[in-house]
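Novice: build me a model:
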Amino acid sequence: LMAAMALALRARLFPARPLARAALWHTPRARTLATIVAPQDPTAPQTPFPNDGILWFDNLFPLRVHKYDYRYLLVDKTATLERLDELVHKMAQVDVNVTKMIPKEKEGGAFVFFNSPSHDESVIADKILRYLSEREEHTWLNTQEIRSHLVEGKPFINDLSIYPSRRVRIDFVGGPRELDMETLYAVLRRYGKIKSMDLVGGKDIPKHAIVEFKHFHGAVSSKNCVHGLVVNGTKLEFSYQEVLRTHAIRDFFSKYSRFLVPLALALMAALTYAIFDPIRVFFITNKLTHRFQFQLSSLISENILNSDIIKKTTFGVFDANDDDDDDFPVWSDVNFNIETLIHTRPEAIVFLAGPTGSGKSGLIVRALQSVPCSLTIDCGGASMNTHTLVRSGEELLLHNLVQNVGYFPSMSWLNTISGSVEGLMAATTGVKASLTTSIQAQIQHVLDCVTRALGLLARKEAKTPNRAVPVIVIDGFTSVFKLEHPAYAKSLLDWAAVLVQKGLAQVVFVADNNAAEDAFNQGVGLVRSKIDIISLADATADKATTYLREHLPGITNEQAVNAAKKVGGRLADIQAVMRKVEAGMTLDAAVDEVIRRAELMIRSTGLGMGTTEKLTWSKAQLWYVMDLLIRNDGEASYDEVLFGPFFNNDEEPLRAMQRAELITVVRAADAGSGSAGSLRIRPGRPVLLEAFRRMASDRKLGSGMNLVTARFLIDRSQAKLKAYEEELTMLSNIHTEKRSQLDGRREFLIAQIGSLSDKIAVLEKQRALCEAVLKE
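Specialist: You can find the predicted model right below:
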């Protein structure tokens, strides 16, 4: 391809023309046209040339130093030699007959055979050399001037595939071969500067010399002009020798790679940040201000979303755990005014907390419609990312953050290359070099770029009256805790605290109650003192009934009340019932289906049925809490459960149940004692209470779980009984005059042993009854 392109370019630069066409250097006098011949057949014997003299002209053609050099295709050889013929006559200024020209394109020159009836060849060579030194003639694609030398030896004409080199080997053939360095230098120096010269051979007489010229033309001219010359009875035979490259740079890098590679990567990273960070800030600003973002018109989007196809598809896709943005009455009880936030200076991080499916995300989506400058970071989006199978958890968080904030270009491939280089260095040098940037550092850099974008916006709009403060929404914050990324969660909290402290943006975290409480409890210093929690609660039964009546006009008030009583006021569960009814199910069937799904969740997540995951709590502990909630109409005292026989002041199982959304812990007024702020335990979702009741009413399942509970209490009672018996035996073996002082302790132990024995007997009867039911 390169050769074809070169030929095409040459055809355009040098169009075909007849030989008789006037050349560049024109002389009006008549002359003898030189005969241009090709190199001789190398198989033919070398005969002495009958010409009076031979001139070697250098730098006529581009020098070919390797086979992939196609510059010679751009040169018109015939035209160049025609011009050279004219130039010889002009330079000599005497009667000269050019009898033959032999071009040597690889070496960039040509032999010119000539004779003169009136002048010696040395005189003609001196005239030509003087002319060229005064005028500095050049040819196409050659930066160096044309040079000429009289050939003193017998040139070796060949067509071997040998390319010129700056180094030549000179073999000493015949004669005494007594050539010293001074003599050889005097012969070769006229052709160019010599870089080095070494005489190689025996102890006394050298056999050959290695001469390296500074430039190619020196080596080429010396070979073509001196080859075959006899000096002091010794014939000199020239040949090219390839220069052995020392690769100093490569050796330097390989020797100091453990220092240079990290330095090069650090410089590359610094250059990348210096060049690309302003671009990233620009794109993040675009994301914040929503400029250059096109959206469907409200009429078109409304028609698409309200189409029957979308509705029918939606019913089968959404799950009961999705946060819906539909208008739900629970919002009317929430003191969340976005207009107040965007027109006041940030004073605290806002946590919009509520149970899963209570409509938090929907509330935020509707609130942000009136905010001119906002940014939403969806932490939960990583779990639905299409790259989940090929990325680690932290990489997913980084990828999701980059997409959400508009961080472009992300240059993630640089970290991949750094990791590969790090692995190669460890394999070759045995030393592990930390070349890659940690995921946490990359996340922090993305957040810093967002801070810079917010700072630029603040400075730009500093003098604008009643300017709207940007709003940063961090949705799905609960998933960060569930996926066990506390470092990422802390980075977001610390970053939000910085934004609030500098007054750059209002920051709203959307999370469930557990994540909000954990963030408040785990926060330190500035973060903990600047958190406001706005809680979303489930709707009351009356509001849930009204909502069902409004959206399902075909049902009666009694049906709506009954459905709301069983399903509760959780938005996601109510809407799941609505979707099933609209899909063709009856209201009772839809309610039963939602309750059945809740039962399956309790069986798998709470009781570990059908899964191999180890539970943080025991089955007996969960069944005890379920039974207590059933007997107390969905609410139990946290302290009663915690200090009861099943937990013994161990809060970890209760916290684990809360994280699994089997229960929820709320603060409420205790009407019985009059104390405010006491902790109460409720089902994780209102529908779970009905699921608890149905599971307890299942004779087989109830008997099985009662059997598990009885065994749990029997084992614990037997452990206590054994400890009491051992202590009583030890006291009985004590012989002392004051033994009567131990009578009180012995009587207590005897009473406890009797009480535990009676309790174990009752539990054994319960266990026997449960086993009998299971055998039916």
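Novice: what about the strands in the stretch 601-750 of the chain?
Specialist: 636-637, 663-668, 678-683 (DSSP state E, counting those that start in this stretch).
Novice: got a list of what the nearest residue to residue 108 once chain neighbours are set aside touches?
Specialist: Using C-beta to C-beta, 6 or more residues apart in numbering and skipping the chain neighbours, the partner closest in space to residue 108 is residue 63 (4.0 Å). From N, CA and C alone the C-beta is placed, and that goes for glycine too. When contacts are counted by C-beta atoms under 8 Å, 6 or more residues apart in numbering, residue 63 touches 106-108, 164, 216-217, 220.
Novice: check the secondary structure at residue 63 for me.
Specialist: coil (DSSP: H, G, I helix; E, B strand; the rest coil).
Novice: hmm, back to that, and the strands of the stretch 601-750 of the chain as a markdown table, adding distance to residue 375?
Specialist: Below are the strands of the stretch 601-750 of the chain laid out as a markdown table (distance: least, C-beta to C-beta, whole Å):
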| stretch | distance to residue 375 |
| --- | --- |
| strand 636-637 | 42 |
| strand 663-668 | 30 |
| strand 678-683 | 35 |
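Novice: could I get these as CSV with distance to residue 68 and mean neighbour count?
Specialist: Output for the strands of the stretch 601-750 of the chain, formatted as CSV (distance: least, C-beta to C-beta, whole Å; neighbours: other C-beta atoms under 10 Å):
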stretch, distance to residue 68, mean neighbour count
strand 636-637, 86, 20
strand 663-668, 76, 16
strand 678-683, 79, 19
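Novice: how about those, which one is nearest residue 145?
Specialist: strand 663-668 (93.1 Å; C-beta to C-beta).
Novice: beta partners for the closest residue to residue 639 other than its chain neighbours?
Specialist: Spatially, and ignoring its direct neighbours in sequence, residue 639 is nearest to residue 679 (7.0 Å; C-beta to C-beta, 6+ apart). Listed by DSSP bridges, the beta-bridge partners for residue 679 are residue 667.
Novice: now do the contacts for residue 679.
Specialist: Applying C-beta under 8 Å, 6+ apart to residue 679 gives the contacts 637-639, 665-667.
Novice: relative to residue 766, how far out is residue 540?
Specialist: Applying C-beta to C-beta, to the nearest Å, the value for residue 540 to residue 766 is 39 Å.
Novice: now what about the helix or strand harbouring residue 182, what contacts it?
Specialist: Per DSSP states H and E, residue 182 falls inside helix 181-188. By C-beta under 8 Å, 6+ apart, the residues outside helix 181-188 that reach it are 170, 194, 197, 199, 209, 211, 222, 226, 229, 231-232, 236.
Novice: and the residue lying closest to residue 598 once chain neighbours are set aside, how close does it get to residue 630?
Specialist: Sequence neighbours aside, residue 691 is the residue nearest to residue 598 in space, at 3.9 Å (criterion: C-beta to C-beta, 6+ apart). Distance of residue 691 to residue 630, given as C-beta to C-beta: 11 Å.
Novice: more neighbours: which of these two?
Specialist: The neighbour comparison of residue 691 against residue 630 (other C-beta atoms under 10 Å) goes to residue 691, with 24 against 18.
Novice: which strand or helix spans residue 171?
Specialist: Using DSSP H and E, residue 171 sits within strand 167-173.
Novice: buried stuff in that strand?
Specialist: 167-170, 172 (16 or more other C-beta atoms under 10 Å).
Novice: try stretch 112-124
Specialist: Residues 112-116, 119, 121, 124 are the ones in stretch 112-124 that count as buried (16+ other C-beta under 10 Å).
Novice: by mean pLDDT, flag the weakest helix or strand of the protein.
Specialist: Of all helical and strand segments in the chain, the minimum by mean pLDDT, DSSP states H and E falls on helix 308-317, at a mean of 34.
Novice: any idea how far the most centrally placed residue in the chain is from residue 402?
Specialist: For the chain, the residue nearest the mean C-alpha position is residue 412 (3.1 Å; C-alpha atoms, centre = their mean). Separation of residue 412 from residue 402 (C-beta to C-beta): 8 Å.
Novice: give me the pLDDT for residue 36.
Specialist: For residue 36, the pLDDT comes out at 42.
Novice: do residue 127 as well
Specialist: 82.
Novice: report how many residues lie close to residue 458.
Specialist: 16.
Novice: over to residue 768?
Specialist: Applying other C-beta under 10 Å, we find 12 residues neighbouring residue 768.
Novice: is it correct that it falls within a strand?
Specialist: No. Using three-state DSSP, the assignment for residue 768 is helix, not a strand.
Novice: show me the contacts for residue 536.
Specialist: Contacts of residue 536 were listed using C-beta under 8 Å, 6+ apart, and they are 330, 334, 352-355, 358-360, 363.
Novice: ok, so of the residues you listed, who is nearest residue 700?
Specialist: Of all the contacts of residue 536, residue 355 has the smallest distance to residue 700: 31.1 Å, by C-beta to C-beta.
Novice: let me see the backbone angles for the closest one.
Specialist: phi -70, psi 160 (degrees, to the nearest 10).
Novice: repeat for the one 10 residues further on
Specialist: The phi and psi values for residue 365, taken as degrees, to the nearest 10, are phi -60, psi -50.
Novice: count of residues packed around residue 609?
Specialist: Residue 609 has 12 nearby residues by other C-beta under 10 Å.
Novice: try the one 3 residues further on
Specialist: Around residue 612 there are 5 other residues, counting by other C-beta under 10 Å.
Novice: and if you look at residue 224?
Specialist: Residue 224, neighbours per other C-beta under 10 Å, totals 25.
Novice: so how far is residue 150 from it?
Specialist: In terms of C-beta to C-beta, residue 224 sits 11 Å off from residue 150.
Novice: what residues are shared contacts of these two?
Specialist: residue 56.
Novice: circling back to that earlier point, what's the farthest-apart pair in the contacts of residue 63?
Specialist: Once C-beta to C-beta is applied, the contacts of residue 63 give 106 and 217 as the farthest pair, at 13.2 Å.
Novice: so which residues of the stretch 201-350 of the chain form strands?
Specialist: According to DSSP E, counting those that start in this stretch, the strands that the stretch 201-350 of the chain contains are 206-213, 230-231, 234-241, 349-353.
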